[in-house]
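[1] Got a sequence here, can you model it:
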Amino acid sequence: MSALPRPAALLLNLAHALDHLFLLIFATAVAAIAADFGFTRWEDLMPYGVGAFLMFGLASLPAGKLGDQWGRRPMMLVFFFGLGASALLAAATQTALQLAAALTLLGVFSAIYHPVGIPMLVQGAQRPGATIGVNGLAGNLGIAAAALLTGWLVQWAGWRAAFAVPGLVCLALGVVFARVVPAEAEPPSARRKPAPVVLSRGALARAMAVLTVASAAASLLFNLTTNGNGRLLDERLGPLVRDPATLGTLLALVYALASVAQVVVGRLLDRVPIKRLQLAIVALQAPLLVLASQAQGWLLYAALLGVMLLIFGAIPFTDAVIVRYVDDRMRSRVAGLRLSISLGFSSLAVWALGPVVKASSFATLLLAMAGIAVFTALVLLAMPAEPARGGAAA
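    Numbers count the residues shown, from 1 in each chain. Model (predicted):
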């Protein structure tokens with residue numbers, strides 16, 4: 001597990017949960033926000049949230065560079081206080097354009113976590129796969145919390161409280177992080193910790209190229225599902241879902257159960273070759289997405305659970321590849337570059353989700369997602385085979 005003291009590791013895992021929670025408040029509360037701002041359909045408001053996801057990707061590159069060269073602890077302090085403040089700003093907005101600006105700022109601060117927090121957590125870890133798996137579980141429980149907490153807060157206190165309450169929690173955790181986590185003796189760029197597995201320059205370049213394309217496709221599926229599942233359940237379960245609290249609870253249950261997949265995959269990553277495991281998980285996504293495209297009622301709910309198990313199960317591979325093949329002193333920069341490309345591209349999903357569903361249907365969207373899963377599996381075939389640790393691959 002992580003070599004960090006337990007309180008520091010706990011706070012970093014909580015930060016991952018908060019990161020994903022904040023990014024999905026808007027999508028969960030979009031119907032209530034649309035009604036408050038005078039929109040007749042939630043689909044018309046959805047594109048206003050694209051700034052958060054665009055900056056979640058683009059700001060990862062400078063965040064990763066600062067994490068390596070300035071320090072990961074100070075960057076995590078910027079994460080906690082910046083994210084909490086921008087959430088409070090979102091709660092105070094009065095128009096859709098103001099909200100779009102606040103969400104874009106929130107995306108800038110949310111971009112810090114993945115290229116900074118995860119490398120900080122796994123530095124020196126004896127079993128990085130297990131550490132990444134537990135961290136992934138925390139992040140996905142944040143997604144579940146977004147559905148559950150936002151649904152209940154929207155129903156009982158309004159959509160503004162759905163931003164304000166976790167914003168205050170984030171600021172409080174920032175104070176705790178500053179007191180509990182000791183200052184770094186030197187930034188990561190001044191240290192040298194070789195990668196566990198050495199690839200030749202050509203093999204490493206090929207692995208990073210495949211990783212970037214595959215993670216962009218995986219992020220596209222992740223964004224389409226996590227931002228659209230609430231509206232999908234509302235449409236397909238019909239009278240079974242009568243209020244935001246019930247919808248949020250059902251969605252949170254899917255995410256909580258699916259989160260377990262990351263712990264299982266994380267443990268397998270310490271034992272099974274990455275390529276074989278990732279290819280198996282991605283290949284299974286397509287048939288379940290096809291089933292979900294046609295299902296209704298509780299069959300749709302079961303199919304959605306299967307889809308999210310596989311989509312969440314595919315998440316740990318990106319961080320596992322970087323930890324295994326990249327020197328710690330530059331992991332934040334490599335992760336930031338990869339995230340800038342893949343998440344910047346996948347942010348288009350948030351912009352397109354509402355218009356696509358409005359113009360066609362969720363069935364068409366889910367079938368397109370099945371095609372993306374097939375494409376990802378084909379790309380993964382080009383991933384170089386993993387050499388024995390300590391050896392080099394051509």
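
[2] Give me the phi and psi for the residue nearest the centre of the chain.
    In the chain, the residue lying closest to the centroid (Cα atoms, centre = their mean) is His20, at 5.8 Å. Dihedral angles phi and psi of His20 (degrees, to the nearest 10) take the values phi -80, psi -30.

[3] excluding its backbone neighbours, what's nearest it?
    Nearest non-adjacent residue to His20, counting by Cβ to Cβ, 6 or more residues apart in numbering: Gly142, 3.9 Å away. Quick note: C-beta positions are derived from backbone N, CA and C, even for glycine.

[4] residues touching that neighbour, list them.
    For Gly142, the contacting residues are His16, Ala17, Leu18, Asp19, His20, Leu21, by Cβ atoms under 8 Å, 6 or more residues apart in numbering.

[5] residues touching the nearest residue to Leu366 once chain neighbours are set aside, list them.
    Among residues not flanking Leu366 along the chain, Ser293 sits closest, at 3.6 Å (Cβ to Cβ, 6+ apart). Taking Cβ under 8 Å, 6+ apart, we find Ser293 in contact with Phe362, Ala363, Thr364, Leu365, Leu366, Leu367, Ala370.

[6] so where do the helices sit in the stretch 1-150 of the chain?
    6-36, 42-45, 50-58, 60-69, 72-91, 96-110, 118-122, 128-157 (DSSP state H, counting those that start in this stretch).

[7] now the stretch 251-394 of the chain, which segments are flagged as low pLDDT?
    345, 347, 350, 386-394 (pLDDT under 70).

[8] just the helices in it please.
    274-294, 297-313, 316-325, 331-346, 348-359, 362-380.

[9] Give the buried residues for the longest one.
    It stands for helix 274-294. By 16 or more other Cβ atoms under 10 Å, the buried positions in helix 274-294 come out as 274-275, 277-279, 281-286, 288-293.

[10] Give me the neighbour count for Leu304.
    25 (other Cβ atoms under 10 Å).

[11] if you skip the residues just before and after it, what's nearest to Ser346?
    Ser219 (3.6 Å).

[12] give me the number of residues near the one you found?
    24.

[13] Correct me if wrong: it contacts Ile341.
    No: with contact defined as Cβ atoms under 8 Å, Ser219 does not reach Ile341; the gap is 9.9 Å.

[14] Ala146 and Leu137, how far apart?
    Distance, Ala146 to Leu137, by Cβ to Cβ, to the nearest Å: 15 Å.

[15] scratch that, Glu186
    Per Cβ to Cβ, Glu186 is found 31 Å from Leu137.

[16] list the contacts for the residue nearest to the centre of the chain?
    Contacts for His20 (Cβ under 8 Å, 6+ apart) come out as Gly139, Asn140, Gly142, Ile143, Ala146.

[17] how deep is the last one tucked in, by neighbour count?
    Meaning Ala146. Counted with other Cβ under 10 Å, residues neighbouring Ala146 total 30.

[18] And for the residue nearest to it when sequence neighbours are not counted, the neighbour number?
    Leaving aside its chain neighbours, Ala146 sits nearest to Leu24 (3.9 Å; criterion: Cβ to Cβ, 6+ apart). Around Leu24 there are 25 other residues, counting by other Cβ under 10 Å.
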